[in-house]
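Enquirer: here is a sequence together with a model predicted from it:
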Amino acid sequence: MPLAPDAPVAPDAPDAPVVMTGHQLEWWHAGILAKFLAGDALATRAAKGGAGPSRRFQRLWAAVDQDDNDPGVLRVPVVRAGGPGGASPGVVEWNVFTSRAPAGHAPIGFRPVSGVSPVPALEPGARAASGVAEERLSDLRDRLARGAGAGVSLADQIARAICPAGWSYLRASDLLRWSPARSLVAQMASDARACAGAYNQAVRERPEAGLTLLSVPTSDDEIELPLWVVERAGGGKGATPEGGFVRRKALVRDLRRWLDAAPNAAATDGPALAPRALLMTTILRWWACDLFIHGLGGEVYDPVMEAWLAEWLGGGGGKSPRLAPAVTVSATLRLRFDGLENSQLPTLEDVTGASWTAHRARHDPALLDDPSAVERKRALVAQIASLRSRARRDSGARAERRALYRELHALLDASRRSHADALESLTRRAALARERLEEARLLSDRTWWWALHAPADLERLRREIESAAGA
């Protein structure tokens, strides 16, 4: 899938139907790419149906720049010489930016642009796992370097580098500049207790979404609402040099201050507000698009948003505002490590089974092919069990039971000594399986940056999505 030569920040035909998706600014795997491919397929389908050229069907990405994720590392898959199979999969980390802010500090949309580090050279005996890796990584570095001169923030720098061709992007931190969104924030501030109560009810009813409850204390000014406050860090504890901003949960008093400020006040003029997940999808599906494409995460939490709005704005009658329809799209695409396509690596189940067998064999002669010990163990266990009730009240039975236990342990010790080589072989097999489990995890990982996949695999994914969309 080609990348946009210079991703526009706004749609060029706002009156056209809009299909939208959203995601953080990071190195997307193929499951995220699938959402964009689905948007392309729907645009193609609309064009074939008489809606005009597919460019008239706007595709818009909501770049979640109010998140404090860390896009500083891109994992590069490699193949290293050596190992039990002669070659093994590995990973090299590219520290992409020359200045890196740890996750949990300033939101990415409030961090400054950064210089870009060289793509790391591979150590002797290692090669890129994918034939396109060198070209794709070099191209990404060039895009990020150009974006450093054109972007306002690190978010813009990344967005301009990774936005797919045919798509525009908007910053989610800008959503509250829209008049309808600002009006909704005002309604939340004036009706905070009911708003937060309905939100918490929806969250409690759907614990699988993993969302946290809002704090609803006695004081109305202290009620928490689903927004972030982004403000300049102080000079003391908690100050952040990377962009100088911090993010915290918003309270009613923060909304009131923000509403009293100029409508387009930037964070440089005072604290800024940005929507959290449920409010963000509320705004996008209510006013920004005609169809929203979710991934697997959105599929879980979006019903919570709908239930919240139905309870709060629908007066408990179960009727939420008229939102754009939403669909869920995802995909799993495994990276093909060149030269390791037929590797016989263990699964987690293989490792668990080998470890269990090595441990159990010390206590089960059947696993050591020792039939006489199996029979004697069975007889001893039966005798010990038969004495259980008598041993509670009869000291003689207790003594007999202890003697049988000692005989059982002696039997197992003798079996282990007689089959020491077999036990050692099982132990080595379990250790080797554990050692190779990490290799197996790398081969089955679905989260590699999508551009590192073979073009033929990406094309196959595109065709499958187009077929599913009827394009």
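Expert: Done, it's in. Predicted model, so just to flag it, every value in this text is computed and none were measured. Residues are numbered from 1 along each chain as shown.
Enquirer: show me how far whichever helix or strand Ala43 is part of is from its chain's centre.
Expert: Under the criterion of DSSP states H and E, Ala43 resides in helix 30-46. In terms of CA atoms, centre = their mean, to the nearest Å, the centre of helix 30-46 is set 20 Å apart from its chain centre.
Enquirer: pLDDT (mean, whole number) over that helix?
Expert: What helix 30-46 shows for mean pLDDT is 92.
Enquirer: other residues contacting it?
Expert: By CB atoms under 8 Å, 6 or more residues apart in numbering, the residues outside helix 30-46 that reach it are 1, 17, 19-21, 23, 54-55, 57, 59, 61, 164, 166-167, 291, 293-296, 327, 329-333, 446, 450, 453, 458, 461-462, 465-466, 468-471. Quick note: C-beta positions are derived from backbone N, CA and C, even for glycine.
Enquirer: next: stretch 383-403.
Expert: With CB under 8 Å, 6+ apart as the test, stretch 383-403 has contacts from Leu404, Tyr405, Leu408.
Enquirer: what about the strands in the stretch 301-450 of the chain?
Expert: Using DSSP state E, counting those that start in this stretch, the strands assigned to the stretch 301-450 of the chain run over residues 326-328.
Enquirer: what residue ranges in it are flagged as low confidence?
Expert: Low-confidence segments of the stretch 301-450 of the chain, defined by pLDDT under 70: 316-319, 341-346.
Enquirer: helices along that one, start to end?
Expert: For the stretch 301-450 of the chain, applying DSSP state H, counting those that start in this stretch gives helices covering 348-360, 371-386, 388-391, 395-418, 420-444.
Enquirer: right, and the helix or strand after the last one?
Expert: Toward the C-terminus, helix 420-444 is succeeded by helix 455-469 as the next helix or strand (DSSP H and E).
Enquirer: quick one: the strands in the stretch 1-150 of the chain?
Expert: Using DSSP E, counting those that start in this stretch, the strands of the stretch 1-150 of the chain run over residues 18-24, 58-64, 73-81, 87-95, 126-128.
Enquirer: now these in TSV, with mean neighbour count, mean pLDDT and distance to Ala196?
Expert: Below are the strands of the stretch 1-150 of the chain laid out as TSV (neighbours: other CB atoms under 10 Å; pLDDT from 0 to 100; distance: least, CB to CB, whole Å):
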stretch	mean neighbour count	mean pLDDT	distance to Ala196
strand 18-24	22	95	24
strand 58-64	24	95	23
strand 73-81	18	94	37
strand 87-95	18	92	41
strand 126-128	17	93	51
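Enquirer: in TSV, list those strands along with distance to Arg322.
Expert: Listed next are the strands of the stretch 1-150 of the chain as TSV, based on distance: least, CB to CB, whole Å:
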stretch	distance to Arg322
strand 18-24	15
strand 58-64	19
strand 73-81	41
strand 87-95	45
strand 126-128	50
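Enquirer: closest to Leu184 out of those strands?
Expert: strand 58-64 (16.4 Å; CB to CB).
Enquirer: kindly format the C-alpha coordinates of that closest one as CSV.
Expert: Taking C-alpha atoms only, strand 58-64 is exported to CSV below (Å, rounded to 0.1, in the frame of the first residue of the first chain):
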residue,chain,number,x,y,z
GLN,A,58,-13.3,11.2,1.4
ARG,A,59,-11.1,9.0,3.6
LEU,A,60,-10.1,10.6,6.9
TRP,A,61,-7.9,9.4,9.7
ALA,A,62,-8.3,10.7,13.2
ALA,A,63,-4.8,10.8,14.5
VAL,A,64,-5.0,10.1,18.2
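Enquirer: tell me how many other residues crowd Val119.
Expert: If you count neighbours by other CB atoms under 10 Å, Val119 ends up with 18.
Enquirer: against Arg336, how distant is it?
Expert: Going from Val119 to Arg336 by CB to CB, to the nearest Å gives 21 Å.
Enquirer: and for Pro89?
Expert: 11 Å.
Enquirer: for Leu411, give me its contacts.
Expert: Here Leu411 is in contact with Ala373, Arg376, Lys377, Leu380 (CB under 8 Å, 6+ apart).
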